[in-house]
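>>> give me the fold of what follows.
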Amino acid sequence: MARRGRPRYRLGICRWLGVIFIDKPIAMLTRIRDAVVGSRQRLQDSWRISPPLLLSAGFMVLILLGTVLLKLPPAVHVPISWGEALFTATSPVTVTGLIVSDTGATLSVWGEAVILILMQAGGLGLMTFAVLALLSLGGRVRGRRYLVATSPYNETHPQDVIRTAKVVVKLALVMEGIAIVPLALVWVPEHGWLKGLWWSLFHAVSAFNNAGFTLSPDSLMAYAGSPAINTVIPALYLIGGLGFIVIMGIIDFPRSRQLDINVKVVLSGTVVLSLLGTAMIYMLESDNPATLAALPGLSDQLWASWLQATTPRTAGFNSLDISALTQPTSLVLMMLMFVGGGRQRYRQRHQGDHPACPARRHLGLPAGSARAHAIFAAYQDDHPAQGACRNGDGRPRHLHGHPGSLHYRRRRPAVGGV
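Numbering: from 1, shown residues only. This is a model prediction of the structure:
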């Protein structure tokens, strides 16, 4: 019995020695490793930048780069301060059109080219070029790139982002290229071939991106009666000011045979505000000797009224002397500027939307904008496509299932129920 007890005793000692010298150190090292990995992950999370903040940082880098380029001696005819360079670089990136000095007189062709690139990058968006550059290098839109890339376009699928970016760039290049021809018919006879073509390209890019930059000291006042200028320039900034969502909706219309509610609202609002603004400016300024009354004929006055009525919402050009306008006309322009255009997206999508719901596709309404669009779209509860979007209790889900929705229908209790 004693001989049999010794191995058990020795086995117990070995087990405790293993626990003390092997298991405990391993457990301690595991805890240290987990603590280090956790602290590293927390540090990465603390330094992680959200997609909107990353886009803002990209615009800041672009502004600073433009500031440095405009400070170079080849970019200017006369030296400018760092503050003027910063302001001048910020304006085209943010497509505001504000200036502190005459662009054509202060900047050289090199400086004007910098402004043109900043206008194109600011108008189309940094992510448009970033997505296309990533695709050209063989990259893929996924992971964190997906979160950053989808934020400017309001899309939820990588293929939609890629398609939207390609369409935006193609549309911009085609529209700007077509606009150069009629603009060159005006500026080539006036400035010669090289300068005339450069003016045509610069103003085409400025108009399509709603930047409002011109190379003439008085904007477009010298061309108030020109049919070519007053047709091409407004067409460019009206189309460019519609926004990505509206442009994609118009392009998809021949295939889908239906327009999104956002597209309808923006298009109808653009037409109404443009025509109403033109009529009001003509009536208010037709007797003003400093503006419309100084123009020779009725056609020139109508052209000037048309451009001045359509430009305040997004563009920033002017065909009349703003300082000479009457107070009622200035009030009309302020109202148009307050309304703005369709470039700013005013709807939201949810990552968890169910694409298999045909009723939502029929309306084109995201779940997050049901209340905002309730004033525009009244949806019948007995719509045939709504059956696929009901819960098990017969109550509509997604768009119409929220109790706070105007389209919510509470199920009637059974006979005799409470």
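
>>> now stretch 207-218: buried residues?
By neighbour count on 16 or more other CB atoms under 10 Å, the buried set for stretch 207-218 is 207-216. Every C-beta, even on glycine, is put in place using the N, C-alpha and C of the backbone.

>>> make JSON lines from those residues and add pLDDT to it.
Listed next are the buried residues of stretch 207-218 as JSON lines, based on pLDDT from 0 to 100:
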{"residue": "207", "pLDDT": "94"}
{"residue": "208", "pLDDT": "92"}
{"residue": "209", "pLDDT": "90"}
{"residue": "210", "pLDDT": "89"}
{"residue": "211", "pLDDT": "90"}
{"residue": "212", "pLDDT": "89"}
{"residue": "213", "pLDDT": "93"}
{"residue": "214", "pLDDT": "93"}
{"residue": "215", "pLDDT": "93"}
{"residue": "216", "pLDDT": "90"}
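
>>> those residues in strands, which ones?
The members of these all map outside strands under DSSP state E.

>>> if we take the residues you listed, which one ends up nearest to residue 316?
The closest of the buried residues of stretch 207-218 to residue 316 turns out to be residue 212 (CB to CB; 2.4 Å).

>>> would you mind measuring from that closest one to residue 245?
Using CB to CB, to the nearest Å, we find residue 212 at a distance of 23 Å from residue 245.

>>> same question, residue 84
36 Å.

>>> what about these two, which has more around it?
Remark: of residue 84 and residue 245, residue 245 carries more neighbours, 21 against 18, as counted by other CB atoms under 10 Å.

>>> per-residue pLDDT of the more buried one, please?
On the pLDDT scale, residue 245 is placed at 73.

>>> again, but for residue 67
Note on residue 67: pLDDT of 95.

>>> residues contacting it?
Listed by CB atoms under 8 Å, 6 or more residues apart in numbering, the contact set of residue 67 reads 82, 85-86, 89.

>>> sketch out the low-pLDDT regions of the stretch 51-200 of the chain for me.
Applying pLDDT under 70 to the stretch 51-200 of the chain flags residues 51-52, 126-161.

>>> helices of that one, start to end?
Using DSSP state H, counting those that start in this stretch, the helices of the stretch 51-200 of the chain run over 51-71, 82-93, 103-106, 109-124, 126-136, 144-150, 158-191, 193-208.

>>> report all helices and strands that the shortest one contacts.
Read it as helix 103-106. helix 109-124 (3 or more CB pairs under 8 Å, 6 or more residues apart in numbering; DSSP states H and E).

>>> buried residues in the helix it packs on?
Here helix 109-124 shows 111-124 as buried, counting by 16+ other CB under 10 Å.

>>> over to stretch 179-192?
For stretch 179-192, using 16+ other CB under 10 Å, the buried residues are 179-180, 182-184, 186-188, 191.

>>> kindly report the same for stretch 168-177.
Neighbour-count burial for stretch 168-177 flags 168-169, 171-172, 175-176 (criterion: 16+ other CB under 10 Å).

>>> what's the neighbour count on the closest residue to residue 190 other than its chain neighbours?
Of all residues not flanking residue 190 in the chain, residue 196 sits nearest, at 6.6 Å (CB to CB, 6 or more residues apart in numbering). Look at residue 196: counted by other CB under 10 Å, it has 18 neighbours.

>>> residue contacts, residue 196?
Each residue near residue 196 by CB under 8 Å, 6+ apart is listed here: 184, 187-190.

>>> next, format the buried residues of stretch 168-177 as TSV and append distance to residue 29.
TSV is the format used below for those (distance: CB to CB, whole Å):
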residue	distance to residue 29
168	54
169	54
171	59
172	58
175	64
176	63
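
>>> from the residues you listed, pick the one nearest residue 284.
Closest approach between the buried residues of stretch 168-177 and residue 284, by CB to CB: residue 175, at 31.9 Å.

>>> where does residue 253 land on pLDDT?
pLDDT for residue 253: 83.

>>> pretty sure it sits against residue 264.
No. Look at residue 253 against residue 264 with CB atoms under 8 Å: they stay out of range, at 10.8 Å.

>>> same drill for the two, tell me which one is more crowded.
Counted by other CB under 10 Å, residue 253 and residue 264 do not tie: residue 264 has more neighbours, with 16 against 13.

>>> tell me the one of the contacts of residue 196 nearest residue 278?
For these, the closest approach to residue 278 (CB to CB) belongs to residue 187, at 25.0 Å.

>>> okay but that closest one is in contact with residue 200, surely?
Yes. The criterion here is CB under 8 Å, and residue 187 meets it with residue 200 at 5.6 Å.

>>> just to revisit the earlier point, would TSV of the buried residues of stretch 179-192 with distance to residue 31 be doable?
Converted to TSV, the buried residues of stretch 179-192 look like this (distance: CB to CB, whole Å):
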residue	distance to residue 31
179	67
180	68
182	74
183	71
184	74
186	77
187	74
188	77
191	76
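
>>> which one of those residues is nearest residue 260?
Checking these one by one against residue 260 (CB to CB), the nearest turns out to be residue 179, at 26.9 Å.

>>> quick one, what contacts the closest residue in space to that closest one that isn't next to it in sequence?
Nearest residue to residue 179 in three dimensions, chain neighbours excluded: residue 204, at 4.2 Å (CB to CB, 6+ apart). If you count contacts by CB under 8 Å, 6+ apart, residue 204 has them with 175-177, 179-180, 183, 232, 236.

>>> any figure for the gap between residue 204 and residue 71?
Distance, residue 204 to residue 71, by CB to CB: 27 Å.

>>> residue 287 too?
47 Å.

>>> more neighbours, these two?
Between residue 287 and residue 71, residue 71 has the larger neighbour count (other CB under 10 Å), namely 19 against 10.

>>> I figured the more buried one hits residue 83, correct?
No. Judged on CB under 8 Å, residue 71 makes no contact with residue 83 at a distance of 10.8 Å.

>>> tally of neighbours for residue 27?
Look at residue 27: counted by other CB under 10 Å, it has 11 neighbours.

>>> A helix includes it, no?
Yes. Applying DSSP: H, G, I helix; E, B strand; the rest coil, one finds residue 27 inside a helix.

>>> and for the closest residue to residue 115 other than its chain neighbours, the neighbour number?
Spatial nearest neighbour of residue 115, excluding adjacent residues (CB to CB, 6+ apart): residue 92 at 5.2 Å. Neighbour count for residue 92, taken as other CB under 10 Å: 31.

>>> do residue 283 as well
Residues near residue 283, counting by other CB under 10 Å: 13.

>>> need phi/psi at it.
phi -70, psi -40 (degrees, to the nearest 10).
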